[in-house]
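Asker: Using only what follows, build the 3D model:
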Amino acid sequence: MTVINAPATSISRKSSDRRTHRLICVAAGGLALLGGTLALVVHPWFASLAAVGGIWLIFAPESNGLN
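Answerer: The predicted structure is shown next:
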């Protein structure tokens with residue numbers, strides 16, 4: 001009979017990590033939506049808000065729990 005050992009590090013993340021990542025995604029998506037809407041309605045320079053939201057999403061990757 002072969003016994004498979006569990007990995008030394010857990011891949012599952014804490015719920016607080018998931019909540020933080022979700023809040024970052026919601027905030028960045030909100031910035032993108034707000035910036036895009038204001039760019040269409042008010043002035044094209046508001047597209048920079050959408051860019052900030054997109055950059056925020058790029059630099060906030062999910063943690064794999066191996067920290």
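
Asker: All the helices of this structure, residue numbers only.
Answerer: 15-41, 47-58 (DSSP state H).

Asker: what bits of the chain have low per-residue confidence?
Answerer: The chain contains residues with pLDDT under 70 at 1-14, 60-67.

Asker: Output the helices of the chain as TSV; include the columns mean neighbour count.
Answerer: Every C-beta, even on glycine, is put in place using the N, C-alpha and C of the backbone. Below are these laid out as TSV (neighbours: other C-beta atoms under 10 Å):
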stretch	mean neighbour count
helix 15-41	14
helix 47-58	15
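
Asker: Hmm, Val52 is touching Leu34, no?
Answerer: No - using C-beta atoms under 8 Å as the test, Val52 is too far from Leu34 to be in contact (10.3 Å).

Asker: any idea how far the residue nearest to Ser48 when sequence neighbours are not counted is from Arg18?
Answerer: In this structure, Ser48 finds its nearest non-sequential neighbour in Gly35, 6.8 Å apart by C-beta to C-beta, 6 or more residues apart in numbering. Computed as C-beta to C-beta, to the nearest Å, the Gly35 to Arg18 distance reads 26 Å.

Asker: related to what we said a few turns ago, correct me if wrong: the residue nearest to Ser48 contacts Trp56.
Answerer: No - Gly35 lies out of contact with Trp56 (C-beta under 8 Å); the separation is 11.4 Å.

Asker: if we can go back for a sec, how far away is the residue nearest to Ser48 from Ile24?
Answerer: Counting by C-beta to C-beta - Gly35 and Ile24 are separated by 16 Å.

Asker: same check, this time on Trp45
Answerer: Distance from Trp45 to Ile24, by C-beta to C-beta: 24 Å.

Asker: quick one: contacts for the residue lying closest to Ala50 once chain neighbours are set aside?
Answerer: Excluding its sequence neighbours, the residue lying closest to Ala50 (C-beta to C-beta, 6+ apart) is Gly35, at 3.3 Å. By C-beta atoms under 8 Å, 6 or more residues apart in numbering, Gly35 lies in contact with Phe46, Ala47, Ser48, Leu49, Ala50, Ala51, Val52, Gly53.
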